[in-house]
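Enquirer: sharing a sequence plus its predicted fold:
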Amino acid sequence: MSVLESSLDTRSDNFSKNLSDMNEMLDTLESLYSEAAEGGGEEAITRLRSRNKMPIRERISMVLDADSPFLEVSPLAAWRSPFNVGSGFVVGIGVISGVECLILGHDPSVRAGAFNQFNSKKLMRGLEIARENRLPYVQFVESAGADLRGDGGDGDPEAAIQREGGHFAESGRLFYEITELSKLRIPTISVVFGASTAGGAYQPGMSDYNVFIKNQSKVFLGGPPLVKMATGEDADEESLGGADMHTTVSGLGDYLADDETDGIRMCREVVAHLNWRKKGPGPTLSPDEPVHSAEDLLGIVSRDLKTPFDMREVIARIVDGSRFEEFKPLYGPTLVCGWASIHGYPIGVIGNNGALFSESSEKAAQFIQLCNQIDVPLVFLHNITGYIVGTDFEQGGITKNGSKMINAVANSTVPHITIIVGASYGAGNYGMSGRAFGTRFTFIWPSAKIAVMGPKQMAGVMSIVQRAAAERRGLKFDEEADAKRAETAEYWAEERSKGLFATSRVSDDGMIDPRDTRTIIGFVLSTCHNAPVEGTKEFGTWRM
């Protein structure tokens, strides 16, 4: 493969401005990560330690192999909501006893580890990752069940009831999902660190292996207050659901640990005996560092996403040795397709260099087929305003050919990894394997924006529709009111399109520093290869 050359001018005013803006966004990101890591705050953490308990991140750190990474999923969930940043659960992928595992941890410093609508989404996303990538599922359980306060502290009980109904159904699905993992021969392991009540009790109840901690673990469908209200019985916690009782009487517990450190040791031993083997191939190519510096990635994308850039500049800084074999470089040039590798894993790359035209859509469909024929995962790099629109383009078959591309993406069975670098609007998001299309992993840069369409276009479309409605009714159109309405609509559309808002609503797996892109893609490629990597030749009917 040839080495990609770079024409990026790192001394230009444009690069310097982009670099300054990106560093500003990264400072904000770092601040939010720190806030999420604080959990329920210093006072809550101190209270935990006074009970000889570790904060959740220390528990996870202790179970991981020495010097191994932990890739956290949706760490900024619930930002700009009544709940704590991070939502009270920690979900991520880490290596335990040499095995890549999906780890879920309740944070007891945040509302006693209770379920809410944000962390329920994170939990379900974790289960999905475990199932699709065939990862052993490890739960660090300490939960009061559903957050019965429900309002998140915003004082609106009616809104809380509406929210609670949705997340009750979602969190209830976890019982099915944990059981299904076991059916698929994906081991599930629970370490119970404290009270595990109501719905939380089913987490160990449905697990293959349970580690309980002496004088600390308590598992019951209804705690003493509920038992008293339901039956009139005065039950003490230890007799009702203590660790000793469950490991000697009920049989729910399999291992009884002396303390948290001992429980974590037992968890590592359980993973070590699983005889776990990856079913996908390992890396086969030379994992050379890119020729071009990853530091340059900070200055490529403008805060104003209307400013174009060449996606090859990104590719050159994330693939092995900056080597790239481009497919059909002279046809459909607004889409870059080609073969490369990351950390030795062969990949196909699809990246946007403009709107999707008929030719670029057809090229993508063919390239996706080829990658499926040779069992090569696909990496999608988004900077897409959408499929081109207009009379000439419709007559040229953009809907037909754009549908071919979406058909290919939907039916492709090799792993898809998506990085949203810049814009990701409308059907362009779908065609580029957005989250709705079963993508194995989706990460976004701080520069990313995600929406049905661009904010300005959205406000303009609304104005045109309302003007036409007024004409049909024979009413005079209020230009001044329309201008104010359009300005407000554009502002809110802009705010909600920002990547930070999207990632806080768990619509992706996390916002990342652009310099970490290569490392993270390599990490999740290794994760994907726990399952077989098999392409397909079966695609839906295409209009020719």
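Expert: Cool, got the structure.

Enquirer: please make it C-alpha for all contacts and neighbour counts, starting now.
Expert: Fine.

Enquirer: which intervals of this protein have sub-threshold pLDDT?
Expert: Low-confidence segments of the chain, defined by pLDDT under 70: 148-172, 452-462, 482-496.

Enquirer: in its sheet, what does the strand or helix carrying Ile93 sit against?
Expert: Assessed by DSSP states H and E, Ile93 sits inside strand 89-96. Strand 89-96 pairs in its sheet with strand 70-72 (antiparallel), strand 99-106 (antiparallel), by DSSP bridges.

Enquirer: show me what that strand is in contact with.
Expert: The contact list for strand 89-96 (CA atoms under 8 Å, 6 or more residues apart in numbering) reads 56-57, 63-65, 68-75, 100-107, 113, 119, 122-123, 126, 268, 271-272.

Enquirer: list only buried entries from the residues you listed.
Expert: Buried positions within the contacts of strand 89-96, assessed by neighbour count (16 or more other CA atoms under 10 Å), are 56, 63-65, 70-75, 100-107, 113, 119, 122-123, 126, 268, 271.

Enquirer: the stretch 151-300 of the chain: strands as residue ranges?
Expert: In the stretch 151-300 of the chain, strands defined by DSSP state E, counting those that start in this stretch lie at 188-197, 209-213, 218-220, 255-257, listed in chain order.

Enquirer: possible to save these as CSV with distance to Leu475 and mean neighbour count?
Expert: What follows is those, written out as CSV (distance: least, CA to CA, whole Å; neighbours: other CA atoms under 10 Å):
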stretch, distance to Leu475, mean neighbour count
strand 188-197, 60, 26
strand 209-213, 69, 26
strand 218-220, 64, 27
strand 255-257, 75, 21
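
Enquirer: can you say which of those is nearest to Ile374?
Expert: Nearest to Ile374, of all those, is strand 188-197, at 32.4 Å by CA to CA.

Enquirer: quick one: contacts of that closest one?
Expert: 136-145, 178, 181-182, 203-204, 207-213, 216-223, 260, 263-264, 267.

Enquirer: adjacent strands (with direction) for it?
Expert: strand 137-143 (parallel), strand 209-213 (parallel), strand 218-220 (parallel).

Enquirer: can you list the ones you listed in JSON lines and add distance to Ala365?
Expert: Listed next are the strands paired with strand 188-197 as JSON lines, based on distance: least, CA to CA, whole Å:
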{"stretch": "strand 137-143", "distance to Ala365": "35"}
{"stretch": "strand 209-213", "distance to Ala365": "44"}
{"stretch": "strand 218-220", "distance to Ala365": "52"}
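
Enquirer: ok, which of those strands comes nearest Thr519?
Expert: Among the strands paired with strand 188-197, the nearest to Thr519 by CA to CA is strand 137-143 (22.8 Å).

Enquirer: off-centre distance for the closest one?
Expert: 19 Å (CA atoms, centre = their mean, to the nearest Å).

Enquirer: same thing with stretch 331-351?
Expert: So, by CA atoms, centre = their mean, the centroid of stretch 331-351 is 22 Å from its chain's centroid.

Enquirer: export that stretch as CSV, just CAs?
Expert: Output of stretch 331-351 as CSV, limited to C-alpha atoms (Å, rounded to 0.1, in the frame of the first residue of the first chain):
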residue,chain,number,x,y,z
TYR,A,331,-15.1,8.0,-9.1
GLY,A,332,-17.5,9.6,-6.6
PRO,A,333,-14.8,11.7,-5.1
THR,A,334,-17.0,13.1,-2.3
LEU,A,335,-16.6,9.7,-0.6
VAL,A,336,-13.2,8.2,0.3
CYS,A,337,-13.1,4.4,0.4
GLY,A,338,-10.1,2.1,0.9
TRP,A,339,-8.2,-0.5,2.7
ALA,A,340,-5.8,-0.1,5.6
SER,A,341,-5.1,-1.5,9.1
ILE,A,342,-5.1,-0.2,12.7
HIS,A,343,-3.0,-1.9,15.3
GLY,A,344,-2.5,-4.8,12.8
TYR,A,345,-6.2,-5.4,12.2
PRO,A,346,-7.3,-5.1,8.5
ILE,A,347,-10.1,-2.6,8.0
GLY,A,348,-12.1,-0.9,5.3
VAL,A,349,-12.4,2.9,5.6
ILE,A,350,-15.3,5.0,4.4
GLY,A,351,-14.9,8.7,4.9
